[in-house]
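>>> below: sequence and its predicted model.
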Amino acid sequence: MTDKQAKWQRQEQAVRATQMAFDLTSDVQKSIKKQAVDEELTPSDMIRKILQLDVKSKKTRQRLSFNLNDDEIAELAIRFGVATDDKRAVKQQVADILIQKFSKGE
C-alpha cells in the first residue's frame, strides 16, 4: 500500500469516527484535565487511556492560548514599551511574565 493510500484510509476511518461529548461536573472535568496535563496527554487521550483504549498520539506539550483584540495588543505593547504592531514582541513579553510568575510557584 502506498503512503497516499494509507493516508486516505486513515482519513476515511477518521470521518467514520463518532465524537462523544459529556456533561460532567466541573470537579470531574478538572481532574481529567489535570491528570492529562501531568501525563502530557490531551484530555481526549486521557479518557481513551482511562477506558483502556489505544492512545496512538504522542505525548503532547500542552499549549495555552487566549484571544486579544487589536486594542488589547496595542495596550500591552505600550505597557511593554514595544511597537504597537509588533505582535511577536507582545507575545514574548506575555510569555516572560507567565514564566516569571509561575516558575516561582506563586
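Yep, that arrived.

>>> C-alpha from now on. contacts and neighbour counts both.
Fine.

>>> secondary structure element holding Gln100?
Using DSSP states H and E, Gln100 maps to helix 87-103.

>>> export that helix to CSV, keeping only CA atoms.
Output of helix 87-103 as CSV, limited to C-alpha atoms (Å, rounded to 0.1, in the frame of the first residue of the first chain):
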residue,chain,number,x,y,z
LYS,A,87,2.6,41.1,18.0
ARG,A,88,5.6,38.8,18.3
ALA,A,89,7.2,41.1,20.9
VAL,A,90,4.0,41.3,22.8
LYS,A,91,3.7,37.6,22.8
GLN,A,92,7.2,37.2,24.1
GLN,A,93,6.6,39.7,26.9
VAL,A,94,3.4,37.9,27.9
ALA,A,95,5.3,34.6,27.9
ASP,A,96,8.1,36.1,30.1
ILE,A,97,5.5,37.4,32.6
LEU,A,98,3.8,34.0,32.8
ILE,A,99,7.1,32.1,33.2
GLN,A,100,8.3,34.5,35.9
LYS,A,101,5.0,34.3,37.8
PHE,A,102,4.7,30.5,37.7
SER,A,103,8.3,29.5,37.9
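
>>> quick one: Gln11 and Lys56, what's the gap?
Distance check for Gln11 against Lys56: by CA to CA, to the nearest Å, it reads 15 Å.

>>> how many neighbours does the closest residue to Ile32 other than its chain neighbours have?
In space, and not counting its chain neighbours, Ile32 is closest to Pro43: 6.5 Å by CA to CA, 6 or more residues apart in numbering. Neighbourhood size, Pro43 [other CA atoms under 10 Å]: 18.
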